[in-house]
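Colleague: 3D model of this:
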Amino acid sequence: MARRTAVQHPPHRPARLTCASRTFAARPSSLVREYFGNLVFTNTFYQEGANVAKASHDAGLVTGYLHGRALRQNQRTIFWHDLGYRMGDQSYRGPQSQWSSQDWSFWYTDAAGYFRRYHLTA
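Modeller: Model prediction:
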């Protein structure tokens with residue numbers, strides 16, 4: 001039987017994600033739909049494939065949003081602390097109060113990448 005090993009954390013980096021993560025957790029589902037629900041999927045050779053891709057993308061958004069909402073407060077705190085630790089210092093993005101919709105979209109995309117890398121298994 002294989003032995004379980006402890007999760008290897010990256011070298012310590014400041015977790016400067018706290019404000020953005022709290023703001024993210026408080027955002028309504030309409031914002032998620034606004035930022036990511038209107039993506040266009042094209043496939044000039046097989047339109048049905050584009051339709052399947054869009055449906056899969058939308059189902060993933062809904063599933064992720066609902067799973068996040070189902071977490072208890074202490075689970076959210078632990079999750080965002082861990083994600084912030086892994087993303088590292090975000091101060092290069094400038095003051096959060098001055099972020100545009102595009103800046104928020106980029107941050108969400110980056111956070112999703114870190115989430116996928118460290119929290120999802122195949």
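Colleague: roughly how far is the helix or strand where residue 76 lies from the heart of the chain?
Modeller: Element membership for residue 76 (DSSP states H and E) is helix 73-87. The chain centroid and the centroid of helix 73-87 are separated by 12 Å, computed with CA atoms, centre = their mean, to the nearest Å.
Colleague: Tell me the buried residues in it?
Modeller: By 16 or more other CB atoms under 10 Å, the buried positions in helix 73-87 come out as 79-80, 82-87. (C-beta placed from N, C-alpha, C; glycine too.)
Colleague: For that helix, which helices and strands make contact with it?
Modeller: In terms of contacts (3 or more CB pairs under 8 Å, 6 or more residues apart in numbering; DSSP states H and E), helix 73-87 is packed against helix 18-25, helix 101-119.
Colleague: quick one, which of the ones you listed is nearest to residue 72?
Modeller: Closest approach to residue 72 among the helices and strands packed on helix 73-87 (CB to CB): helix 18-25, 12.4 Å.
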